[in-house]
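K.L.:
Sequence plus predicted model, see below.
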Amino acid sequence: MHIRQCFYTGYKGAKRFLFLEVLKLNNLIYQFAHWETWPYLVKYIPIAPLWFWFCARAGSFWFFTPSNPTLTFGGFEGESKNEMYLQLPPGSFPDSILVSHKLTFVEACSIVEGNLAFPFAVKPDVGMMGFMFRKIENQQQFEQYHSVMEVDYIIQHYVDYPLEVSVFYYRYPNELSGHITGFIRKEFLQVTGNGVATLLELIAQYPRVRFRIEEMKLKHEKKLNDIIPAGERYCLSYAMNLSRGGKLVSLAHEKDGRLLKVFDEISRYTKYFYYGRYDIKCLSIEDLRLGKNFLILEYNGSGAEPHHIYGNSNTLLQAYRVVLHHWNVLYKISKHNHQDGLKYWTFVSGLRFLKKANKHFRALKKLDTTFEI
């Protein structure tokens, strides 16, 4: 009996190994044929010389820093979310509290008590790509989160509006009205149970997770062998960023003058948000056009990628045309503000800032891949 069990165990192990190896090969073939799945740097290397051409024309490696003057580094990278919220119109973003990681958990609880109720969202004050964004359901999860965080973070009212959208907006400093170039809807990274397959099997079979299997195995380790009931949706990530597995669907046909008016008013309120992408939750597209029942989750400045290159069946060449148009707009806005007296960051100060930000993001990424909540 013992020998038979050993043989069976070995057979199952070999079968699972072969399954994963075939899956890896299929993933490579799929990735090669779909440019959207390529690593960020690989996609942008062919047009990188044009970015440096803008640097040369401006006479500054950090030509983009005057684009959004009130955001650190122009909102290119490493900017504070709390800094951004303080410049938005009251009521246009969720109730938020900045928490120092140096506080004891008791002190953190005292700040939250009476202001926010479970569930709430938590995310690093300086973050990117949805790293360490979590939905906190109870005090135990809150304590777990606070205990591992080594950077300041934001506690925020969890917004349960059904739609999450992104609006890419820019406005030249000498104009009252701007332009909406991108409008997309985001969808969660989730799998749907069939009452037979385990969570691990569902993950392995789902194309949108095929490049993130090892990460998903770490984050959902305790539930990998659970059978998900038929029809039940299991959320693999509450961050809807494309880089975290979120799906982007074009809403270009929904753009109109009313939508532009809403974002003209928001951007003029802040005075100095000229170029970037608003990430929003709303009750409906029509309500967003009417300027009601929506909340701004993020404003990404000069470093924002025009996400509408995805989800539109664009070829790589078409995507490059969109990106280059936005780079040209960014250059013109920055140049205009520079001519009005706003200085470019010096090369040394910008380099130091980026090194610090990259170190920060590497630490968040490492933590995110192992933190199970």
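P.N.:
Sure thing, it's come through. Numbering: from 1, shown residues only.
K.L.:
show me where the chain has strands.
P.N.:
With strands called from DSSP state E, the chain shows them at 96-99, 120-124, 134-136, 153-157, 163-170, 179-187, 189-192, 233-237, 247-250, 275-282, 294-300.
K.L.:
Output the longest one in PDB with nothing but the alpha carbons.
P.N.:
Extracted C-alpha coordinates of strand 179-187, given in PDB (Å, rounded to 0.1, in the frame of the first residue of the first chain):
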ATOM      1  CA  HIS A 179      -9.200  67.800 -24.100                       C
ATOM      2  CA  ILE A 180     -10.300  64.300 -23.100                       C
ATOM      3  CA  THR A 181      -8.100  61.900 -25.100                       C
ATOM      4  CA  GLY A 182      -8.900  58.700 -23.300                       C
ATOM      5  CA  PHE A 183     -12.000  57.300 -21.500                       C
ATOM      6  CA  ILE A 184     -11.900  53.700 -20.400                       C
ATOM      7  CA  ARG A 185     -13.600  51.300 -18.000                       C
ATOM      8  CA  LYS A 186     -11.700  49.100 -15.600                       C
ATOM      9  CA  GLU A 187     -12.600  45.600 -14.500                       C
END
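K.L.:
Just list what that strand packs against, helices and strands only.
P.N.:
The contact analysis (3 or more C-beta pairs under 8 Å, 6 or more residues apart in numbering; DSSP states H and E) places strand 179-187 against strand 163-170, strand 247-250, helix 257-270, helix 316-339. Quick note: C-beta positions are derived from backbone N, CA and C, even for glycine.
K.L.:
hey, least reliable of those by pLDDT?
P.N.:
Mean pLDDT per stretch puts strand 247-250 lowest among those, at a mean of 87.
K.L.:
in it, what counts as buried?
P.N.:
By 16 or more other C-beta atoms under 10 Å, the buried positions in strand 247-250 come out as 247-248, 250.
K.L.:
between the residues you listed, which is closest to Leu86?
P.N.:
Proximity of these to Leu86 (C-beta to C-beta) peaks at Leu248, which lies at 28.5 Å.
K.L.:
Tell me how far that closest one lies from Glu164.
P.N.:
10 Å (C-beta to C-beta, to the nearest Å).
K.L.:
of all the buried residues of strand 247-250, which comes closest to Phe63?
P.N.:
Closest to Phe63 out of these is Leu248 (27.9 Å), distances taken as C-beta to C-beta.
K.L.:
about what we covered before: show me the common contact partners of Leu248 and Glu164, please.
P.N.:
Common contact partners of Leu248 and Glu164 (C-beta atoms under 8 Å, 6 or more residues apart in numbering): 185-186.
K.L.:
which stretches of this protein aren't confidently modelled?
P.N.:
1-33, 210-211, 238-246 (pLDDT under 70).
K.L.:
ranges for the helices of it?
P.N.:
For the chain, the helices defined by DSSP state H cover 2-33, 40-44, 48-58, 81-85, 105-112, 139-148, 199-205, 213-219, 257-270, 285-289, 316-339, 347-370.
K.L.:
buried stuff in stretch 42-52?
P.N.:
43, 51.
K.L.:
Give me the contact list for stretch 191-204.
P.N.:
Stretch 191-204 has contacts (C-beta under 8 Å, 6+ apart) with 19-20, 23, 205-206, 209-210, 213, 216-217, 220, 223-234, 236.
K.L.:
7 Å - rerun?
P.N.:
With contacts defined as C-beta atoms under 7 Å, 6 or more residues apart in numbering, stretch 191-204 is touched by 23, 206, 209, 213, 216, 220, 223-234, 236.
K.L.:
got a markdown table for the helices and strands packed on strand 179-187, with distance to Met128 too?
P.N.:
Listed next are the helices and strands packed on strand 179-187 as a markdown table, based on distance: least, C-beta to C-beta, whole Å:
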| stretch | distance to Met128 |
| --- | --- |
| strand 163-170 | 15 |
| strand 247-250 | 17 |
| helix 257-270 | 21 |
| helix 316-339 | 18 |
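K.L.:
Let me know which of those is the nearest to Gly127.
P.N.:
strand 163-170 (16.6 Å).
K.L.:
one step back: in CSV: the helices of the chain, plus distance to Thr72.
P.N.:
Formatted as CSV, the helices of the chain follow (distance: least, C-beta to C-beta, whole Å):
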stretch, distance to Thr72
helix 2-33, 35
helix 40-44, 22
helix 48-58, 19
helix 81-85, 6
helix 105-112, 24
helix 139-148, 25
helix 199-205, 37
helix 213-219, 29
helix 257-270, 14
helix 285-289, 28
helix 316-339, 15
helix 347-370, 8
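K.L.:
Great, nothing more from me.
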